[in-house]
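In: I'll drop the sequence and a predicted model, then ask my questions.
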Amino acid sequence: MASEDEKSTSSNSDAFRIAQNGDSDQEKSDDIYLPAHVVGSGSLDRLVDAARDYARAAASDNTLKAYTKDWAHFARWCRIKGAEPLPPPHEMIGLYVADLASGSGPSPALSVSTIDRRLSGLAWNYAQRGFALDRKNRHIATVLAGIKRKHARTPVQKEAILAEDILAMVATLPYDLRGLRERAILLLGYAGGLRRSEIVSLDVHKDDTPDSGGWIEIFDKGALLTLNAKTGWREVEIGRGSKDQTCPVYTLEQWLHFAKIDFGPIFVGPSGDGKKASETRLNDKHVARLIKRTVLDASIRSELPEKERLAMFSGHSLRAGLASSAEVDECYVQKHLGHASSEMTRRYQRRGDRFRMNLTKAAGL
């Protein structure tokens, strides 16, 4: 069976292919190449390879996987309908969008947000092939506007993990090497308001590994995380907690010490006997599984069926939990989470104490 790294590499390669006669019969796209009038050479060929590597790094592995699936689905749909996916057939794309919204055969109707994501995937794939998908074309825009008007629903948000929840979740973990790592992941992810991909992409130092998404510096008063996030580089300050048992910085120090990690990825898998750390970086799905498992073990929302509880929580529950629990001015939460607008920050806040700031009274009424 292929490893996670092999699957990821394969997915990235597939994202730069054009489906011609079938999903498995694909030809490699000349996405980046030398102009015809330029004579190739060893140095220029190396630059072409470097440029292709940078182009692949323009989107995350998960995004590339999704875009690859989007293209394969659309190309297959076109073949079934007797149409060609290249160049962009705007009329057919409008019909494709309508098909996604209405559902056909065994395929369920997709939500507006998923259809939007599919269109983004198609636009990206067309761009790699030298074409432009005009989402404002009337055949697409008017159909999509009608779908949004008729089918738009309130976004389904994951449940926030609040302060008392994270403490209960941490308390369920054993006091071995694996348990120490899981504590560090949960507490650091919660205190930093981090995405699951940001947690597992951290290295000990800057430039330790090619796939690093950031690094950590530890000081007396806390830890400074430098992250290569979705919106670019940003810094996240994580102060020390009120006691060692729940302090994310202290727990991280303990994990690094006992796992003997002083270089490379911070969060790695254990060895076969579980008594020492390996050098293999954890997959971001590990964080999601950890959250779901500890939510069940801590009996959070135990009045609900297990399947429903599992569906309520995800990696984003850590970010939502910090945004909802931190009793500080909203602007600090916005900066901490790296949001471009306060409106985005408010989407993460699942507050039970709304109307804390009564602007009606503050305005003199």
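Out: Looks like it arrived, so ask away. Only a predicted model underlies this, so the values are computations on that prediction, with no experimental measurement involved.
In: List every C-alpha atom in stretch 58-75, with coordinates, as CSV.
Out: The C-alpha coordinates for stretch 58-75 follow below in CSV (Å, rounded to 0.1, in the frame of the first residue of the first chain):
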residue,chain,number,x,y,z
ALA,A,58,1.4,27.5,-5.0
ALA,A,59,-1.4,25.4,-3.5
SER,A,60,-1.5,23.0,-0.6
ASP,A,61,-1.5,19.2,-1.2
ASN,A,62,-5.1,19.0,0.0
THR,A,63,-6.2,21.8,-2.4
LEU,A,64,-4.4,20.1,-5.3
LYS,A,65,-6.1,16.8,-4.4
ALA,A,66,-9.5,18.5,-4.4
TYR,A,67,-8.8,20.3,-7.7
THR,A,68,-7.6,17.1,-9.3
LYS,A,69,-10.9,15.4,-8.4
ASP,A,70,-12.9,18.4,-9.6
TRP,A,71,-11.3,18.2,-13.0
ALA,A,72,-11.7,14.4,-13.3
HIS,A,73,-15.4,14.6,-12.4
PHE,A,74,-16.1,17.4,-14.9
ALA,A,75,-14.1,15.7,-17.7
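In: Which positions in that stretch come out as buried?
Out: Using 16 or more other Cβ atoms under 10 Å as the test for burial, stretch 58-75 gives 61, 63-68, 70-75. Quick note: C-beta positions are derived from backbone N, CA and C, even for glycine.
In: Kindly report the same for stretch 252-267.
Out: For stretch 252-267, a neighbour-count test (16+ other Cβ under 10 Å) marks 252, 254-256, 259, 261, 265-267 as buried.
In: Check stretch 134-151 too.
Out: So, applying 16+ other Cβ under 10 Å, buried residues of stretch 134-151: 139-140, 143-144, 147.
In: what sits up against it?
Out: In this structure, residues lying in contact with stretch 134-151 by Cβ atoms under 8 Å, 6 or more residues apart in numbering are 88, 90-91, 93-94, 97-98, 101, 109, 111-112, 115-116, 119, 123.
In: which one of those residues is nearest residue 275?
Out: In terms of Cβ to Cβ, no member of the contacts of stretch 134-151 lies closer to residue 275 than residue 111, at 45.9 Å.
In: Got phi/psi on the closest one?
Out: When read as degrees, to the nearest 10, the backbone of residue 111 gives phi -70, psi 160.
In: and what of residue 260?
Out: Torsion angles at residue 260 (phi, psi; degrees, to the nearest 10) stand at phi 60, psi 50.
In: and it, what does it touch?
Out: Residues in contact with residue 260, defined by Cβ under 8 Å, 6+ apart, are 276-277.
In: how close does it sit to residue 278?
Out: 11 Å (Cβ to Cβ, to the nearest Å).
In: what number of residues lie near the closest residue to residue 172 other than its chain neighbours?
Out: Distances taken as Cβ to Cβ, 6 or more residues apart in numbering put residue 297 closest to residue 172, at 4.0 Å, once the chain neighbours are dropped. Other residues within reach of residue 297, judged by other Cβ atoms under 10 Å, total 13.
In: if I look at residue 297, how far off is residue 95?
Out: Distance, residue 297 to residue 95, using Cβ to Cβ: 48 Å.
In: now swap in residue 84 and tell me
Out: According to Cβ to Cβ, residue 84 stands 14 Å off from residue 95.
In: Comparing these two, which residue is more hemmed in?
Out: residue 95 (16 against 11).
In: which residues in the stretch 151-300 of the chain form helices?
Out: 163-171, 177-192, 196-200, 248-258, 284-297 (DSSP state H, counting those that start in this stretch).
In: Distance to residue 219 and mean pLDDT for those - can I get that in TSV?
Out: What follows is those, written out as TSV (distance: least, Cβ to Cβ, whole Å; pLDDT from 0 to 100):
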stretch	distance to residue 219	mean pLDDT
helix 163-171	23	94
helix 177-192	15	94
helix 196-200	20	93
helix 248-258	9	96
helix 284-297	25	95
